[in-house]
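Asker: fold the following for me, if possible:
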Amino acid sequence: HGEHGEHGEHGEHGTEHTEHSEHSEHAEHSSGSHGDSHGGHRRLSGGHYSSYKECLIKECQHDVDENCGSFPDFFTLIGHAGVGLMIFESGMHFDFEKAQVVGPPAVAVAILGTILPLVVGTLLTVLFGRPLMPDGIAAGTALAPTSVGIALRLLGEAGVLQENFGQAIITAAFVDDILSLVLFNVLFSLGGTFDAFKTIFAPLIGIGFMGFACVLAVKFWPRFLKDYLLARVPAKAEGAKISAQDEALFLFMFALLFIYATITHFLGTHLWGCFIAGMSFACLDPPHHAHHVWVKQTKRWTSWMIRIFFTGTVAFSIPLQQLLSIDAFWKGSIMGIFACIGTKVICAPFMGKPKWVIGWAMVGRAEFAYLIAQMALSSGMMDEGTFSVVIWALLYATVFAPFVFRFLLNRYVASEGLGEGAAGTGFSDSDSSIYEENNKHEIRKDQDLEGIDVAGAIKSKATEYGQSSPGGDEKALDAKAVRNLDENKGKGGLLCCLFFKKVVVN
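Answerer: Below you'll find the model as predicted:
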C-alpha cells in the first residue's frame, strides 16, 4: 500500500503527533499480514479503515474524544452529575418487600425486556451495513434501558401502584435498569484491546458488591441510622426550617452516594453505584421520609441539571444534517418500531391479562438511554449515522409510550374495577393501609413546586414534618395538575434542545 507515500502523508500531520504515529505505524505493521488482496476496509489500530490516512485521522479524533470524556467541559460535567442524582433518586423507590412477592415473573420480564432490544437492535444495525462490534452492540445497548419515572407517575395517578401488576412493573423496570447498567459497564469495557478484568471480572465484582449493598440496605443501614447516627445528632432550636436529623441524613446520603459511585467507577461506571446508593435508603423508617428529604433539597437542582444534560451533552452531539436525512429517518423508524417499541411490548407474555399494560410500561425511555448513545458516540463505538438512527428510535419510544400506556392502563383499571379511591389525589385506598400517614409525605414531595401559579390552584400548607420548606411554607397543587405539569415539562425537552442548537448555535 505504498509505504513511502504513507510515511509522506504522516509527515504532513506534523511531528507533534509522534506518539500517535508510532501507534499507527504499529497498526500498519500488524495489518500487513492481511495484504492488499482483501481490498476495501482493513483493520488498523483496533478499527476498520479504508486507508492509513483515515486510520490516522480517526484514531486522533478518538484520542481527543477520550480526553474530553476524562476531562469534560463545564456543561457536560453538570449534565452527567444530574444524571447521577436522578439515578440515585430512582434507587430510593425500590420496594424490597414487594420485590419478594412479584420478583420471579418481574425479573423474567426485565430479562426479556433487556435482551430483546439488545439482540434486535444489534441485528438491525448490522443489516444497515454497520459492523457487529462495536457499532451493533453499542446501538443495542442504548435501546435496552427502561424509564421507571413514567410508569411511577401514571400508576400513582390511576391509584394502582400497590397492586401486584403495578409493583411487577416497577420491579421489572428497576431490574431492567440494573441489567442495563451491567450492559453499559461491559460495553465500555470492550473499547480498545480486550481486558479480562474490565470485561469479565469487574462486572462480576460489581454484581457481588450490589448484593452485599442490598443486604446492608435491608439489615444494617436502617438500624445504624436510627439507633446510632441520627439518635446522637443534637436537636435544633424549635421553629428551625430543617431539623438537625434531616440535615445529618442528607449529608450521609451524599457521602454514601460519593463512596458507592467511586467504587463502581473503578468497576466500569459510577452510575451503577448511584443506583445502589439510592437503594440503601429504601428501607428507612418512616417509609419515604428519606426520599422526601432528598427531593426537597435537590429537586430543582436536578431538574435543571438534566436540562443541561440534554442541551450540552446529547443535543449538541447530534449531527443535525444526518439526523434530518431521509436515510436516518427511515432506518430510525424501523429500529424505533421493531427494536425499541416492539421488543418491549412483547416482553411479558406470561403475565396474564395485564401483559400489554406491563409491556407498554416497559417501552418508556429517558436520560440513561440517551446517555449510553452519546457516550458510545464520543468513545468512537458508533459513527454519527448510527447515532442519528438510535436517536430517532429513542424518540419514537419517548413520544408514543406515555400516551399508549395511559390508554391501556385506564382501560385495564376500568375493566377490573381498580383504583376507585383515587379521586382527586391519584392514589387508591389500598395505599393508605400500606403507607398510612407517610403516603402524605410522598404526595407532598410531588407537590413541592413552589412559586408556580396554575389557575389559582396553589394552596399554602405547612409541611408534614413540622418545618417549613427552604423557601417558606410549601405550596401544594392538586396531584393531577402536578403530574400533568411534569409530563408536559419532560416531553418536549430534547426537541427544544434540538431547536436551540439549530436556530441559536448554527
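Asker: going forward, measure contacts between C-alpha atoms and count neighbours the same way
Answerer: Fine.
Asker: in the stretch 251-400 of the chain, where is pLDDT below threshold?
Answerer: Within the stretch 251-400 of the chain, not a single segment meets pLDDT under 70.
Asker: residue boundaries of the helices in it?
Answerer: For the stretch 251-400 of the chain, the helices defined by DSSP state H, counting those that start in this stretch occupy 270-279, 289-309, 320-323, 326-334, 343-345, 355-361, 367-378, 384-416.
Asker: isn't residue 271 right next to residue 87, touching?
Answerer: Yes. If you go by Cα atoms under 8 Å, residue 271 and residue 87 touch, sitting 7.1 Å apart.
Asker: the two: which is more packed in?
Answerer: Between residue 271 and residue 87, counted using other Cα atoms under 10 Å, the more crowded position is residue 271 (28 against 22).
Asker: ok, now how distant is that one from residue 160?
Answerer: 30 Å (Cα to Cα, to the nearest Å).
Asker: who wins for proximity to residue 133 among the helices of the stretch 251-400 of the chain?
Answerer: helix 367-378 (11.9 Å; Cα to Cα).
Asker: show residues contacting the closest one.
Answerer: By Cα atoms under 8 Å, 6 or more residues apart in numbering, the list of residues contacting helix 367-378 from outside reads 62, 65-66, 69, 83, 138-139, 141-146, 184, 188, 306, 310, 313-314, 317, 382-384, 387, 390-391, 394.
Asker: please indicate which of those residues are buried?
Answerer: 62, 65-66, 83, 138-139, 141-146, 184, 188, 306, 310, 313-314, 317, 382, 384, 387, 390-391, 394 (16 or more other Cα atoms under 10 Å).
Asker: give me the neighbour count for residue 346.
Answerer: Residue 346: 19 neighbours (other Cα under 10 Å).
Asker: swap that for residue 218, please
Answerer: 18.
Asker: isn't it right next to residue 283, touching?
Answerer: Yes. Contact criterion Cα under 8 Å: residue 218 and residue 283 qualify, at 6.1 Å.
Asker: give the contact list for the nearest residue to residue 405 once chain neighbours are set aside.
Answerer: Counting by Cα to Cα, 6 or more residues apart in numbering, residue 405 lies nearest to residue 360, which is 5.4 Å off, once chain neighbours are set aside. By Cα under 8 Å, 6+ apart, the residues touching residue 360 are 344, 345, 401, 404, 405.
Asker: now, the most widely separated pair of these?
Answerer: 344 and 404 (13.0 Å).
Asker: higher neighbour count, those two?
Answerer: When neighbours are counted by other Cα under 10 Å, residue 344 and residue 404 differ, and residue 344 comes out ahead with 30 against 14.
Asker: out of the contacts of residue 360, which is nearest to residue 298?
Answerer: Set against residue 298, the nearest of the contacts of residue 360 by Cα to Cα is residue 401 (27.2 Å).
Asker: can you tell me, leaving aside adjacent residues, what's nearest to the closest one?
Answerer: In space, residue 401 is closest to residue 364, 5.3 Å off (Cα to Cα, 6+ apart).
Asker: hmm, that neighbour is touching residue 152, no?
Answerer: No. At 11.2 Å, residue 364 does not count as touching residue 152 under the criterion of Cα under 8 Å.
Asker: quick one, which of the two is more surrounded?
Answerer: Using other Cα under 10 Å, the more surrounded residue of residue 364 and residue 152 is residue 364, with 28 against 19.
Asker: distance of that one relative to residue 404?
Answerer: Distance from residue 364 to residue 404, by Cα to Cα: 10 Å.
Asker: same check on residue 260?
Answerer: Counting by Cα to Cα, the gap from residue 260 to residue 404 is 37 Å.
Asker: again with residue 338
Answerer: 16 Å.
Asker: show me the shaky parts of the stretch 401-506 of the chain.
Answerer: 419-506.
Asker: make it 50
Answerer: Residue ranges of the stretch 401-506 of the chain with pLDDT under 50: 420-492, 496, 499-500, 502-506.
Asker: next, the contact list for residue 236, please.
Answerer: 243, 244.
Asker: and the pLDDT at it?
Answerer: Note on residue 236: pLDDT of 83.
Asker: that one: what secondary structure?
Answerer: Under the three-state scheme (DSSP: H, G, I helix; E, B strand; the rest coil), residue 236 adopts coil.
Asker: so where's the stretch 1-150 of the chain shaky on pLDDT?
Answerer: 1-46.
Asker: only C-alpha atoms, please: export stretch 333-341 in CSV.
Answerer: The C-alpha coordinates for stretch 333-341 follow below in CSV (Å, rounded to 0.1, in the frame of the first residue of the first chain):
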residue,chain,number,x,y,z
SER,A,333,-38.3,4.4,12.2
ILE,A,334,-37.7,0.7,11.6
MET,A,335,-35.5,0.5,14.6
GLY,A,336,-37.9,2.5,16.7
ILE,A,337,-41.0,0.4,15.9
PHE,A,338,-39.4,-3.0,16.0
ALA,A,339,-36.3,-2.8,18.2
CYS,A,340,-37.2,0.0,20.6
ILE,A,341,-41.0,-0.4,21.0
